[in-house]
Each structure stands twice: as C-alpha cells, then as structure tokens.
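Enquirer: Coordinates only, no sequence provided:
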C-alpha cells in the first residue's frame, strides 16, 4: 500500500503570513525613511520660495538627542490670523524662555517655520541669501 503524504496546510499558511508581514514591515519602514528625508528638503525649499517673517515667543527650552549627541533647542509659538503654531529651533546663548525671536514661515503651510538665526547658520552665515526683512521687524534680528 502507498502511504499518503500529509499536507501541512497550517504550517505553510503561518510561514506565508509571517513572510508577508516581514516584507510589509520592511517596505513601510523604507517608505517612511524616504518620506522623512525628502519632506525635510521640500519644506526647506518651500520656506525659501514662499517666505514671510514674524515674531515668536520662546515657550520652553530643552535638550534633545540627535545623531551627534545632545543639543539644546528652543520651542517657540507664533500666531498667524488668530491661529497659533509651534516650532522648534537651535538654542543660542542669549535665548531665554519668554524672549521674542524672529522667524520665517511658509505662506502656503504655516506650520513650516525656522528661526532667523537657524536660517543664517544653514546659509553659512551669509544673510544676503535670505529674503529681506521688513523694516518693522528689523529690530528683532
């Protein structure tokens, strides 16, 4: 008599499901990291393309861990058309909680903002590469 082979349906299904979820995890992780790296560049380009200056109040300061270690940052809040937005930037020695800082925000996406000092740092110290500051806000430089 011939012996019938046993078909292990459950074992095959479990391994296929496991493989599917592993692939789904790695694909979604790759898409997330690509999105994060591209969106930072797009937000920065849009900020320089559609700039507007305003002032913001420093709400808090703290340390965060980035790829190179710990660094001090400030958290600021600004208002545009009755709506309040929050931002974050590098802390410089003269920054204190409650101080007012000059920021640039994107007129098409108000949440996208950077402090003026962070932009100068990113431009290598060349202020001429940034859009001109309105006369009413020059004292906040």
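Expert: Sure thing, it's come through. What you are looking at is a predicted structure, and each value in this text was computed from that prediction instead of being measured.

Enquirer: Tell me which stretches of the chain form helices.
Expert: 9-49, 116-122 (DSSP state H).

Enquirer: Lowest average confidence across these, which one?
Expert: Per-segment mean pLDDT for the helices of the chain reaches its minimum on helix 9-49, at a mean of 83.

Enquirer: That helix packs against which elements?
Expert: strand 100-106, strand 113-115 (3 or more CB pairs under 8 Å, 6 or more residues apart in numbering; DSSP states H and E). Yep, even glycine has a C-beta here, placed from its N, CA and C like the rest.

Enquirer: average model confidence for the first one?
Expert: Mean pLDDT, computed over strand 100-106, is 91.

Enquirer: In it, which of the residues would be classed as buried?
Expert: When burial is assessed from 16 or more other CB atoms under 10 Å, strand 100-106 yields the following buried residues: 101, 102, 103, 104, 105, 106.

Enquirer: in its sheet, what does that strand sit against?
Expert: Partners of strand 100-106 in the sheet, by DSSP bridges, are strand 51-66 (antiparallel), strand 113-115 (antiparallel).
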